[in-house]
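Asker: this one's structure only:
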């Protein structure tokens with residue numbers, strides 16, 4: 001479904017911030033689905049909260065008096081030109097929020113010329129999403145160590161066969177994190193329905209009708225490996241049993257050898273780890289703390305970004321995620337040295353709040369806000385951002 005200009009104008013008045021979408025999404029979505037999106041690790045979910053606070057604390061001094069201009073939000077990355085430096089971050093189950101959610105996001109990415117990073121544990125296959133976003137698809141991997149990474153290597157082959165542009169190898173999930181909201185909602189493997197889950201579904205008939213219409217097949221990419229005629233339960237058990245630990249550096253090197261295109265290592269905060277990734281041949285480093293979903297004591301990802309940028313010194317592209325909720329957040333990250341950013345919850349809130357038109361609205365929201373922020377600051381290019389005076393009180397000092 002394509003969003004009309006009139007609808008976009010209406011929604012820009014009703015939902016001028018991502019927080020507005022979040023609040024509407026909370027009302028429209030079953031609690032177990034919304035909590036999956038909105039929740040984080042730890043009793044107080046402090047790592048997620050601090051990600052946002054750390055971004056808010058960064059100040060940029062604008063420069064005035066230059067010639068008026070229309071900001072160009074386009075950016076080149078790995079030889080591809082995108083409409084803006086924002087991708088949809090890899091996420092577990094968009095189809096939990098809206099059945100066929102991955103397909104909706106793919107259509108938005110293709111229509112607005114920005115990347116979708118499809119998670120390997122998504123509810124749609126890489127082949128299906130490549131049909132919908134052939135020009136803008138990235139693919140992310142978790143570790144399946146059995147038989148010398150046979151499943152992961154086959155996923156890499158499948159991604160290459162359908163023209164995936166970028167492969168992302170995630171390092172920051174060495175163990176399953178304890179996320180209190182997911183446990184209360186029984187969103188742990190093996191999944192089990194409760195009276196509360198069923199009640200929440202019945203209280204949200206729009207979601208329920210979408211579920212009945214489209215269905216939901218968990219972990220679609222892994223279905224071929226779970227056995228002939230595998231049931232949903234079989235697939236879930238396969239993923240629970242086989243997804244173990246985080247990739248080692250030796251394993252990252254194997255993916256570097258197997259993948260001919262750009263390779264990004266995701267989930268790094270320490271400049272030493274970033275340097276190790278580059279030494280193996282990584283084309284990109286994704287500075288991230290998994291959106292606050294893995295380690296409550298981790299520093300805000302944005303506070304680690306400058307040190308990683310300095311350590312890499314242009315030898316690889318620097319991507320950033322964790323806390324992006326506005327165009328000015330994107331500009332802050334770019335000013336600190338990022339070449340590109342990714343946002344996860346923002347697009348999921350759009351899906352929660354506005355259904356099939358949500359990701360498209362969020363894409364236009366980011367592009368518009370980035371353009372306004374650049375004009376307000378007084379820069380025409382992203383490179384000019386790095387010459388501005390910036391105050392970053394939380395910048396992490398690595399000894």
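Answerer: All right, it came through fine. In this text the structure is predicted, and so the values were computed from the model without any measurement.

Asker: How about the secondary structure of residue 265?
Answerer: Assigned with DSSP: H, G, I helix; E, B strand; the rest coil, residue 265 falls in the strand class.

Asker: List the beta-bridge partners for it.
Answerer: Beta bridges link residue 265 to residue 169, residue 285, judged by DSSP bridges.

Asker: wait, isn't residue 390 in contact with residue 61?
Answerer: Yes: in this structure residue 390 lies within contact range of residue 61 using Cβ atoms under 8 Å: 7.4 Å. For every residue, glycine as well, the C-beta is placed using N, CA and C.

Asker: Tell me which residue of this protein is furthest from the middle?
Answerer: residue 65 (36.9 Å; Cα atoms, centre = their mean).

Asker: gap between it and residue 149?
Answerer: 57 Å (Cβ to Cβ, to the nearest Å).

Asker: sorry, back to before: if you count surrounding residues, which of residue 390 and residue 61 has more?
Answerer: Comparing residue 390 with residue 61 by neighbour count (other Cβ atoms under 10 Å), the higher total belongs to residue 390, at 16 against 10.

Asker: which ones are touching the residue nearest the centre of the chain?
Answerer: Of all residues in the chain, the one closest to the mean position by Cα atoms, centre = their mean is residue 89, 1.5 Å from it. Residue 89 makes contact with 117, 291, 321, 342-344, 347 under the criterion Cβ atoms under 8 Å, 6 or more residues apart in numbering.

Asker: Spatially nearest residue to residue 57 (excluding sequence neighbours)?
Answerer: Once flanking residues are discounted, residue 57 sits nearest to residue 393: 5.5 Å by Cβ to Cβ, 6 or more residues apart in numbering.

Asker: The one you found and residue 230, how far apart?
Answerer: Taking Cβ to Cβ, one finds residue 393 at 52 Å from residue 230.

Asker: For the two, indicate the residue with more neighbours.
Answerer: Higher neighbour count among residue 393 and residue 230: residue 230, with 16 against 9, using other Cβ under 10 Å.

Asker: What about the residue nearest to the more buried one when sequence neighbours are not counted, how many residues nearby?
Answerer: Spatially, and ignoring its direct neighbours in sequence, residue 230 is nearest to residue 223 (6.1 Å; Cβ to Cβ, 6+ apart). By other Cβ under 10 Å, the residues close to residue 223 number 17.

Asker: what about residue 223, which SS state?
Answerer: Three-state assignment for residue 223 (three-state DSSP): helix.

Asker: just the one 4 residues further on next, same as before
Answerer: Taking three-state DSSP as the rule, one finds residue 227 in the coil state.

Asker: And residue 325, by the same measure?
Answerer: Assigned by three-state DSSP, the conformation of residue 325 is coil.

Asker: so it makes contact with residue 18?
Answerer: Yes: counting by Cβ under 8 Å, residue 325 touches residue 18, with 4.5 Å between them.

Asker: now stretch 332-340: how far from the chain's centre is it?
Answerer: Counting by Cα atoms, centre = their mean, to the nearest Å, stretch 332-340 is centred 16 Å from the centre of its parent chain.

Asker: which residues are contacting that stretch?
Answerer: Outside stretch 332-340, the residues that touch it by Cβ under 8 Å, 6+ apart are 55, 58, 60, 75, 77, 85-87, 284, 287, 302, 305-306, 309-310, 317-320, 324, 341, 382, 385-386, 388, 390, 392.

Asker: and those, which of them are in strands?
Answerer: Judged by DSSP state E, the contacts of stretch 332-340 include 60, 75, 77, 86-87, 284, 287, 317-320, 341, 390 as members of strands.

Asker: the strands in the stretch 51-200 of the chain, which residues?
Answerer: 59-60, 75-77, 80-82, 86-88, 116-119, 137-141, 166-170 (DSSP state E, counting those that start in this stretch).

Asker: I'd like the mean pLDDT over the second one, please.
Answerer: Taken as a whole, strand 75-77 has an average pLDDT of 98.

Asker: Next, the buried residues of it.
Answerer: Using 16 or more other Cβ atoms under 10 Å as the test for burial, strand 75-77 gives 75, 77.

Asker: pLDDT score assigned to residue 283?
Answerer: Here, the pLDDT recorded for residue 283 equals 99.

Asker: That one and residue 251, how far apart?
Answerer: Residue 283 sits 17 Å away from residue 251, going by Cβ to Cβ.
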